[in-house]
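# need a 3D model of the sequence below.
(2 chains)
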Amino acid sequence: MNSTESIEPTAQSHRIDAARIGALARDFGPLIALILLAILGWVLNPSFGSWTNITNVLTRSAITGIISVGATFVIVSGEIDLSVGAMVALIASLMIIIVNQVAESTGNLMLAVAAGLAAGLIIGLFTGLINGILVTKGKIDSFIVTLGTMGIFRSLVIFVANGGTLTLNSDVREAFRPIYYDAWLSVPIPVWVLALVAVSGAIVLAKTRFGRYCRAVGSNADVAFYSAIRVDRIRLVAFVVQGFCVALATILYVPRLGSASSGTAVGGELEAITAVVVGGTALRGGYGRVWGSIAGALILTLIGNILDLTSIISVYLNGAVQGLIILGAALLQRGSRKR
Amino acid sequence: MNLKIKSLVVSLSLGVSGLIGFKAVAQEQIKIGVSVPSADHGWTGGIDFFAQQTKKRLEAAYKNLQVVVVTATNASDQANTLEDLVAAQQIKALVILPYESAPLTEPVRQVKKKGVFVTVVDRALTDPNIQDLYVAGDNPGMGKIAAKYFADRLGGKGNIVVLRGLPTVIDNQRFDAFMDGIKGTQIKVLDSKYANWNRDDGFKVMQDFLTRFPHIDAVWAQDDDIALGVLDALRQAHREKEMFVVGGGGMKQIVKRVEDKDTLVPVDIIYSPSMIAVAIEVTALHFVAQLPVNGHYILDSPLVTPDNAAQYYFPNSPF
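Next comes the predicted model:
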């Protein structure tokens, strides 16, 4: 009796230490990976730290980052959306067609851009709603629903583009360009949008009732249902949020190159899901964090950036390096959420 | 007597059927099956466009000729469409742009065994004995011509960067021929990275090259889609005056810029999807004119300059 009492405190403190380190890795794993990667990049090539490169990387991350905020909500609710890459391509194609049409018929470039932005948002919300309705009212697994809509969206792009590439007319392209290329307080606009989406997404997920319900539904849909949560409503809204985020990302994507084709954002869905999971959100749902997804998106962009800035690794091994870093980032938080 | 009448009837009917038979030969329907990849990027979009255009032209010109164009989304899908073309459509000739070389060699051999005339386009089968006719662009030629242009234009020395396509045989042929072509000059390739024949990746890779190298004399993008991404990256960094960009393929936007004497895009190198049209036309010639057409048709990869750009500009093509 005495002996057990004397042993207990040490065992407990030991356990607490392990738990602390585990918690630290779980809480800050993606951030630690991001910092390590940034240091690596800076060591390999000092121009990595230049303001131009930093803004390049942040601006490039904006598109995946914004999509991954939406994906965080979908995944936390226990669902998955595979259609986001094709959705980018579809929204971009339709935006380009509409912007060109309005510019040609009215001659008013600002009106054309405004029409494009409005159309992008409406199409994004609508496609998200379709996914959500099919999942909730159609009672089809979201994996299959979004696999189906992915094929539909992608082939609609081929159809409207006549198998080729849609391009913004050059005058309206100039009017649209600032959305991607201009800066405010020397920070590019896409980075501001990313920051805004990230902060509001984090607040909604962590502090609002909708965020709490998302986690409840993803954690255990039956319990959530018996707790009087309208499970289907929460899932539906999560898909609409995803559609909205994809639309915002596409609005930033279109002015960058002013074109879209069937090859636009191929694999975008996997990038978004990877960013979310590397960021520490549980793929099975119930737990997630928005800032982690942003860190995940930054990690993905950084890998490509660092590989471009050096030539010590054979280009044939780019994919392997990416895989290793993603696995490493995931390992950093392996202690989290054992169930 | 009875026998005589019978023989008379037989010979008459033979004669008649012979006549009918002769008539049938004269107006025999010739079906050409065309099997191509579906439009999954700009260049294959161009392939589909030129295939459809040639179908319309040939069917209008020759009443007894029918061209059936089928697209496939991957190699095994394409093998299935071949079976359908032979069994259901009973084609006399097959014009195929194989998705991949190795997996389609056997299926095409099966088609050949049925007595079908086989024309292979662009990507060669692993067994060249199967084809009657081979039509392709000149990938090593693209690299060689680009290398010569760079050497001439840069006066034999300078710093350049190279953006490659996807890790495939076609990309290796272009790249190796280019590196071979600048051998012996003082042109230095600062680095080469894959941009996956894709505008977005062309933009990203070029942004990083611009961060990394303070002085670049020229960019070999070897593809017009990549080149368009490169051009936007240059514009963003305000370094358009420093260098020039050479793409490849013959995309209409780029050919137009060459024609307009854009200093940033001084030339282009053709690798046109219109090669499918050449392949279908020559195959048709074999049937309608009974010309011996068998052999290899390698289309040159000509250099497009402001002087000759007009003849390579197809405003209606999706490519």
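# ok, the residue minimising distance to the centre of chain B to chain A distance?
Closest to where the C-alpha atoms of chain B average out (CA atoms, centre = their mean) is residue B:273, at 4.0 Å. To chain A, residue B:273 is 10 Å away according to CB to the nearest CB, to the nearest Å. All C-beta spots, glycine's among them, are computed from the backbone N, C-alpha and C.
# once you drop chain neighbours, what's closest to that residue?
Distances taken as CB to CB, 6 or more residues apart in numbering or on different chains put residue B:46 closest to residue B:273, at 3.2 Å, once the chain neighbours are dropped.
# do a quick rundown of the helices in the chain.
All of this refers to chain A. Using DSSP state H, the helices found in chain A span residues A:2-44, A:51-76, A:84-106, A:109-136, A:142-160, A:170-176, A:178-181, A:189-207, A:209-219, A:221-226, A:231-257, A:268-278, A:290-309, A:318-331.
# wrong one, I was asking about chain B
Going by DSSP H, chain B shows helices at B:2-26, B:42-61, B:75-87, B:101-113, B:139-154, B:169-181, B:199-212, B:224-237, B:252-259, B:275-288.
# just give me the neighbour total for the residue of the stretch 101-250 of chain A found nearest chain B.
Residue nearest to chain B within the stretch 101-250 of chain A (CB to the nearest CB): residue A:164, separated by 2.5 Å. Neighbourhood size, residue A:164 [other CB atoms under 10 Å in any protein chain shown]: 23.
# got it, and residue B:262?
Residue B:262 is flanked by 16 other residues according to other CB under 10 Å.
# kindly report the same for the one 4 residues further on.
Using other CB under 10 Å, residue B:266 has 19 neighbouring residues.
# and it, how far is that from chain A?
20 Å.
# how far does stretch A:74-93 stretch from start to finish?
End-to-end span of stretch A:74-93 (CA to CA, to the nearest Å): 25 Å.
# hmm, it in reach of chain B?
No. Using CB under 8 Å from any CB of the partner chain, we find that stretch A:74-93 stays clear of chain B, coming within 10.7 Å at best.
# for chain B, which residue gets nearest to chain A?
Residue nearest to chain A within chain B: residue B:318 (2.5 Å; CB to the nearest CB).
# quick one: that residue and residue A:163 touch, right?
Yes. Assessed by CB atoms under 8 Å, residue B:318 is found in contact with residue A:163 at 5.4 Å.
# which neighbours do those two have in common?
Contact criterion CB atoms under 8 Å, 6 or more residues apart in numbering or on different chains; residues shared by residue B:318 and residue A:163: B:39, B:45, B:49.
# which residue sits closest to the second one, ignoring its sequence neighbours?
Which is residue B:45. Nearest residue to residue B:45, sequence neighbours excluded (CB to CB, 6+ apart): residue A:163, at 3.4 Å.
# count of neighbours near that neighbour?
Residues within reach of residue A:163, counting by other CB under 10 Å, total 24.
# now swap in the one 5 residues further on and tell me
Residues near residue A:168, counting by other CB under 10 Å, number 26.
# mind listing what it touches?
A:96, A:99-100, A:176, A:254, A:258-259.
# re earlier: who wins for neighbours among the shared contacts of residue B:318 and residue A:163?
Neighbour counts for the shared contacts of residue B:318 and residue A:163 (other CB under 10 Å) peak at residue B:45, which has 26 neighbours.
# against residue B:285, how distant is that one?
Distance of residue B:45 to residue B:285, given as CB to CB, to the nearest Å: 26 Å.
# which one is residue B:182 nearest to, not counting chain neighbours?
Using CB to CB, 6+ apart and skipping residues adjacent in sequence, the residue nearest residue B:182 is residue B:147, 4.9 Å away.
# surely the one you found and residue B:178 touch.
Yes. Under the criterion of CB under 8 Å, residue B:147 makes contact with residue B:178 at 4.8 Å.
# who has more neighbours out of those two?
Counted by other CB under 10 Å, residue B:147 and residue B:178 do not tie: residue B:178 has more neighbours, with 26 against 20.
# now do the contacts for the closest residue to that one other than its chain neighbours.
Once flanking residues are discounted, residue B:178 sits nearest to residue B:143: 3.6 Å by CB to CB, 6+ apart. Neighbour list for residue B:143: B:173-181, B:222 [criterion: CB under 8 Å, 6+ apart].
# can you tell me how far residue B:143 is from residue B:164?
Computed with CB to CB, the distance linking residue B:143 and residue B:164 is 11 Å.
# joint contacts of those two?
In contact with both residue B:143 and residue B:164: B:175, B:222, using CB under 8 Å, 6+ apart.
# if we can go back for a sec, in a markdown table: the helices of chain A, plus distance to residue B:250, mean neighbour count and mean pLDDT.
Output for the helices of chain A, formatted as a markdown table (distance: least, CB to CB, whole Å; neighbours: other CB atoms under 10 Å in any protein chain shown; pLDDT from 0 to 100):
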| stretch | distance to residue B:250 | mean neighbour count | mean pLDDT |
| --- | --- | --- | --- |
| helix A:2-44 | 38 | 14 | 72 |
| helix A:51-76 | 30 | 26 | 95 |
| helix A:84-106 | 23 | 23 | 95 |
| helix A:109-136 | 30 | 20 | 96 |
| helix A:142-160 | 21 | 18 | 94 |
| helix A:170-176 | 20 | 17 | 89 |
| helix A:178-181 | 28 | 18 | 93 |
| helix A:189-207 | 33 | 18 | 96 |
| helix A:209-219 | 51 | 20 | 94 |
| helix A:221-226 | 55 | 14 | 89 |
| helix A:231-257 | 20 | 25 | 96 |
| helix A:268-278 | 29 | 25 | 92 |
| helix A:290-309 | 28 | 25 | 92 |
| helix A:318-331 | 29 | 15 | 83 |
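# so which of the ones you listed is nearest residue B:135?
helix A:142-160 (25.3 Å; CB to CB).
# name the nearest residue to the residue in the stretch 1-150 of chain A that chain B sits nearest to, ignoring sequence neighbours.
With CB to the nearest CB as the measure, residue A:53 is the residue of the stretch 1-150 of chain A nearest to chain B, at 4.6 Å. Nearest non-adjacent residue to residue A:53, counting by CB to CB, 6+ apart: residue B:211, 4.6 Å away.
# same check on residue B:319?
residue B:46 (3.1 Å).
# hang on, isn't the one you found packed against residue B:275?
No. Here residue B:46 does not reach residue B:275: they are 9.7 Å apart, not a contact under CB under 8 Å.
# so which residues on the stretch 151-300 of chain A come close to chain B?
Checking the stretch 151-300 of chain A against chain B by CB under 8 Å from any CB, the hits are A:158, A:161-165, A:167, A:181, A:256-257, A:259, A:261-264.
# name the nearest of the shared contacts of residue B:318 and residue A:163 relative to residue A:305.
Closest approach to residue A:305 among those (CB to CB): residue B:45, at 30.5 Å.
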